[in-house]
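Participant: A structural model of the following input is requested.
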Amino acid sequence: MIKTKSLSMVFLTAVLVVFAISMVSAATFTVSKTSLEFSQPDVQDTFTLTPAGLSSYTITLPTNIKQENDQPIVLSYTGTVDNISLIETITITATSINYDELDIGKTYRGDDIIIKNNANPADFVTIPVSFQRSLCKAGETGSDLSISDINIDNNGAGDDNEWFLLDEIEVEVEVTNENNDDRINDIFVEMFVFDSEGNNVASDLVFSSSGDEEFDLGNIKKDDKESIFFKFKVPADFNDGDYDLVFKTYSDDNEYGEEVLCVISNEESISVERESDEEKHIIVDDIKVSPTIAKCGEMVQVSADVVNIGDEDYEDQVRVTLSIPELKINLEQSIRKDFDQGDSKVVDFDFTIPLETEEKLYTLEFRTYYDYDKDDDTYNIVSDDAFISQLRVEGNCQVEAKSAKITAELDSETPTAMPGKQVIINANLENTGDVETVYTLSVSGNSAWSNLVSIDPQLVTLAPGDSKEINIVLAIDEDASGDNEFTIRASYDDLKTEQKVVLSISGESSAEMGPFVQHLKENWFIYLIIIVNIILIIAIILVIRSMVAPRPM
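Facilitator: Residues are numbered from 1 along each chain as shown. Predicted coordinates:
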């Protein structure tokens with residue numbers, strides 16, 4: 001019995017609570033609007049109040065709706081609220097609204113308007129109030145222009161409506177002149193990007209084309225259309241989440257003006273995501289090189305943003321390196337702080353271009369190292385790819401050129417090249433460059449008709465302008481004949497100088513001819529003189545003999 005009575009009391013209490021709540025929330029009068037939404041350029045709005053009988057009412061207006069300058073929007077009302085039994089129109093006026101002090105896309109709210117029955121404090125109705133600045137100065141107006149097409153092209157890693165940080169985005173906006181009679185001049189197109197809180201963040205985009213989030217389209221002929229392209233990069237510090245992309249177009253010429261002709265496009269829903277690949281979390285962005293064309297001996301200053309675009313926080317230091325491999329420049333800098341999602345830090349490097357640098361375009365390579373292990377003093381993650389910039393070196397450079405010259409002739413000991421014999425070639429190597437250089441000598445192209453016996457010396461160091469004689473000995477094959485070619489090569493660093501030499505090989509080998517024939521061949525002129533002299537002596541003897549001989553009787 002006690003339990004049953006207790007349950008009955010609980011049930012009765014619950015019924016009374018529900019009844020009391022219903023009595024509080026159910027008003028005996030009605031209003032015609034559930035909310036008042038002011039939009040530029042509106043300063044007034046109305047609603048009707050319908051009493052259940054003869055009643056008096058109190059209207060309490062909000063005082064805490066603040067503009068961006070922190071000034072309140074003052075509201076007032078007109079209309080009869082005392083002893084009324086018929087429908088009354090109540091006009092709410094924003095007496096101090098300045099829409100220029102409101103951010104585009106943001107909704108400004110405060111307390112609600114409260115209409116209370118004076119006879120019963122629990123008998124009341126609330127009406128929310130909001131203010132919003134329009135994209136058009138006087139609100140959307142006119143029909144001679146239309147935004148007929150919007151095409152989004154993502155040249156980065158994401159899809160057209162799904163962007164990753166640093167994606168390159170191109171948006172084509174097509175505007176049509178719907179007026180069949182006249183050309184419309186001074187047409188502008190403006191882009192808005194609203195985040196989840198209604199803030200326009202278009203000015204934060206990194207535009208790569210001329211202009212920014214507003215472009216002058218010029219004029220459009222009657223019943224014609226023109227397109228304009230917005231090209232920008234999604235900033236590395238953009239928050240992930242959903243965004244709305246909106247465009248407006250208007251004419252600013254004397255005939256129209258934005259207050260007369262201004263059209264707003266439909267919203268394009270965009271989502272921005274952070275990088276999930278851990279090797280791409282911390283990147284180098286917005287690299288600035290000054291000057292972009294540097295002289296030899298000049299100091300170059302480089303700055304860049306290091307940004308965590310990933311979906312992880314990093315507690316320890318991050319290291320950033322800058323290298324120019326061709327100039328043997330290697331620099332690094334550490335960021336000693338927690339590096340969480342969205343964090344960024346500017347790093348600066350400076351270096352001097354060496355005087356002997358070659359004038360050309362050089363590549364600057366940046367890398368990031370993170371997820372620091374204190375115990376091993378190492379980094380677990382290195383950026384997947386190098387972040388690239390460029391620097392041109394031009395002017396005031398003292399390039400030290402390296403070069404060589406080779407000449408060659410037969411040695412006097414072997415004035416002719418004979419089959420089966422060795423031949424000595426005297427090569428002269430001259431350093432024609434600007435710096436001391438080490439040369440390595442070699443011979444090629446001779447294996448078909450001879451063998452290399454020696455090169456002396458094979459390694460030569462020469463100061464600029466100096467020269468050195470190189471002796472090359474070749475053993476000529478027994479069956480070699482005719483003109484034969486080989487190459488003398490001097491190699492130094494990644495360079496080489498070559499000189500082609502032609503040897504004429506003729507005659508039989510000395511071994512086959514024998515020593516006597518060889519002696520005759522080598523001394524034929526002497527034997528010719530002897531023979532001539534013998535002939536002359538014999539002739540003289542014959543003459544003398546004919547002179548002394550007795551004459552016949």
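Participant: when you work out contacts or count neighbours from here on, use the C-alpha atoms and nothing else.
Facilitator: OK.
Participant: and stretch 190-204, how far out from the chain middle?
Facilitator: Between the centre of stretch 190-204 and the centre of its chain there are 24 Å (C-alpha atoms, centre = their mean, to the nearest Å).
Participant: err, stretch 145-152, not the other one
Facilitator: With C-alpha atoms, centre = their mean, you get 29 Å for stretch 145-152.
Participant: ditto for stretch 404-424
Facilitator: Mean-position distance between stretch 404-424 and its chain equals 60 Å (C-alpha atoms, centre = their mean).
Participant: endpoints of stretch 104-122, how far apart?
Facilitator: Using C-alpha to C-alpha, to the nearest Å, one end of stretch 104-122 lies 38 Å from the other.
Participant: buried set for it?
Facilitator: Of the residues in stretch 104-122, 104-117 count as buried by neighbour count, 16 or more other C-alpha atoms under 10 Å.
Participant: quick one: mean pLDDT over it.
Facilitator: What stretch 104-122 shows for mean pLDDT is 92.
Participant: now G465, nearest residue through space, not along the chain?
Facilitator: Spatial nearest neighbour of G465, chain neighbours left out: N431 (5.3 Å); criterion: C-alpha to C-alpha, 6 or more residues apart in numbering.
Participant: for this protein, which segments count as helices?
Facilitator: Assigned by DSSP state H, the helices in the chain fall at 2-25, 510-513, 515-522, 524-548.
Participant: re the thing from before, between the buried residues of stretch 104-122, which sits nearest A52?
Facilitator: N117 (10.4 Å; C-alpha to C-alpha).
Participant: do I have it right that E498 meets I406?
Facilitator: Yes - contact criterion C-alpha atoms under 8 Å: E498 and I406 qualify, at 7.3 Å.
Participant: which neighbours do the two share?
Facilitator: Residues touching both E498 and I406 by C-alpha atoms under 8 Å, 6 or more residues apart in numbering: I488.
Participant: looking at those two, which is more packed in?
Facilitator: Shown here are E498 and I406; by other C-alpha atoms under 10 Å, I406 has more neighbours (20 against 17).
Participant: for the residue nearest to the more buried one when sequence neighbours are not counted, what are its contacts?
Facilitator: Nearest residue to I406, sequence neighbours excluded (C-alpha to C-alpha, 6+ apart): L429, at 4.8 Å. By C-alpha under 8 Å, 6+ apart, the residues touching L429 are 404-407, 467-470.
Participant: which residues touch whichever strand in the chain runs longest?
Facilitator: Taking DSSP state E as the criterion, the chain has its longest strand at strand 361-373. Residues from elsewhere that reach strand 361-373 (C-alpha under 8 Å, 6+ apart): 282-284, 314-324, 326, 378-383, 385-393.
Participant: make a ChimeraX selection of the buried ones in these.
Facilitator: Restricted to buried positions by 16+ other C-alpha under 10 Å, the ChimeraX selection for the contacts of strand 361-373 reads:
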select :282,283,284,314,316,317,318,319,320,321,322,323,324,379,381,382,383,386,387,390,391,393
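Participant: beta partners for F131?
Facilitator: Beta-bridge partners of F131, counted by DSSP bridges, are F38, Y108.
Participant: what pLDDT is listed against the residue nearest to S290 when sequence neighbours are not counted?
Facilitator: Nearest residue to S290, sequence neighbours excluded (C-alpha to C-alpha, 6+ apart): Q301, at 5.3 Å. Looking at Q301, its pLDDT is 97.
Participant: Q301 reaches F351, doesn't it?
Facilitator: Yes - with contact defined as C-alpha under 8 Å, Q301 counts as touching F351 (6.9 Å).
Participant: what about the residue nearest to S290, neighbour count?
Facilitator: Burial of Q301 is recorded as 15 neighbouring residues (other C-alpha under 10 Å).
Participant: distance-wise, check it relative to N98.
Facilitator: Per C-alpha to C-alpha, Q301 is found 46 Å from N98.
Participant: what's the distance between the spatially closest residue to L166 that is not a sequence neighbour and V125?
Facilitator: Of all residues not flanking L166 in the chain, V234 sits nearest, at 4.7 Å (C-alpha to C-alpha, 6+ apart). Using C-alpha to C-alpha, V234 is found at 46 Å from V125.
Participant: identify the bridge partners of the residue nearest to I406.
Facilitator: Taking DSSP bridges as the rule, L429 bridges to I406, K468.
Participant: where does it land on pLDDT?
Facilitator: pLDDT, L429: 93.
Participant: mind checking how far it is from T440?
Facilitator: In this structure, L429 and T440 are 11 Å apart, going by C-alpha to C-alpha.
Participant: center of this structure - which residue?
Facilitator: I388 (6.7 Å; C-alpha atoms, centre = their mean).
Participant: ok, that residue - contacts?
Facilitator: Per C-alpha under 8 Å, 6+ apart, neighbours of I388: 363-366.
Participant: can you rerun that using 10 Å?
Facilitator: Going by C-alpha atoms under 10 Å, 6 or more residues apart in numbering, I388 touches 284-285, 287, 322, 363-367.
Participant: can you tell me which of these are buried?
Facilitator: Using 16+ other C-alpha under 10 Å as the burial test, the contacts of I388 include 284-285, 287, 322, 364-367 as buried.
Participant: can I get those residues in JSON lines including pLDDT?
Facilitator: Output for the buried ones among the contacts of I388, formatted as JSON lines (pLDDT from 0 to 100):
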{"residue": "V284", "pLDDT": "94"}
{"residue": "D285", "pLDDT": "89"}
{"residue": "I287", "pLDDT": "94"}
{"residue": "L322", "pLDDT": "97"}
{"residue": "L364", "pLDDT": "97"}
{"residue": "E365", "pLDDT": "97"}
{"residue": "F366", "pLDDT": "97"}
{"residue": "R367", "pLDDT": "97"}
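Participant: identify, from the residues you listed, the entry nearest to I526.
Facilitator: Using C-alpha to C-alpha, the buried ones among the contacts of I388 come closest to I526 at L364, 77.7 Å.
Participant: what's the distance between that closest one and I540?
Facilitator: 98 Å.
Participant: burial check on the residue nearest to K248 when sequence neighbours are not counted, number of neighbours?
Facilitator: Of all residues not flanking K248 in the chain, I264 sits nearest, at 4.3 Å (C-alpha to C-alpha, 6+ apart). Using other C-alpha under 10 Å, I264 has 21 neighbouring residues.
Participant: for I264, give me its contacts.
Facilitator: I264 neighbours (C-alpha under 10 Å, 6+ apart): 134-136, 139-141, 145-147, 189-190, 246-250.
Participant: now swap in D340 and tell me
Facilitator: Taking C-alpha under 10 Å, 6+ apart as the test, what D340 contacts is 282, 307-316.
Participant: how about K231?
Facilitator: 153, 168-172, 205-213.
Participant: rerun at 6 Å
Facilitator: Neighbour list for K231: 169-170, 207-209 [criterion: C-alpha atoms under 6 Å, 6 or more residues apart in numbering].
Participant: do the same with D149
Facilitator: 173-174.
Participant: show me how far stretch 426-443 is from its chain's centre.
Facilitator: 44 Å.
Participant: which of the residues in it are buried?
Facilitator: Buried residues in stretch 426-443, counted by 16+ other C-alpha under 10 Å: 426-427, 429-433, 435-439, 441-443.
Participant: list the ones among those that fall in strands.
Facilitator: Using DSSP E, 426-427, 429-431, 437-439, 441-443 are the members of those that sit in strands.
Participant: so how far is P291 from the closest residue to L49 other than its chain neighbours?
Facilitator: Nearest non-adjacent residue to L49, counting by C-alpha to C-alpha, 6+ apart: V31, 4.7 Å away. Per C-alpha to C-alpha, V31 is found 69 Å from P291.
Participant: and those two? which has more neighbours close in?
Facilitator: More crowded of V31 and P291, by other C-alpha under 10 Å: V31, with 19 against 15.
Participant: please look at the more buried one and P51 and confirm they touch.
Facilitator: No - in this structure V31 lies outside contact range of P51 using C-alpha atoms under 6 Å: 8.9 Å.
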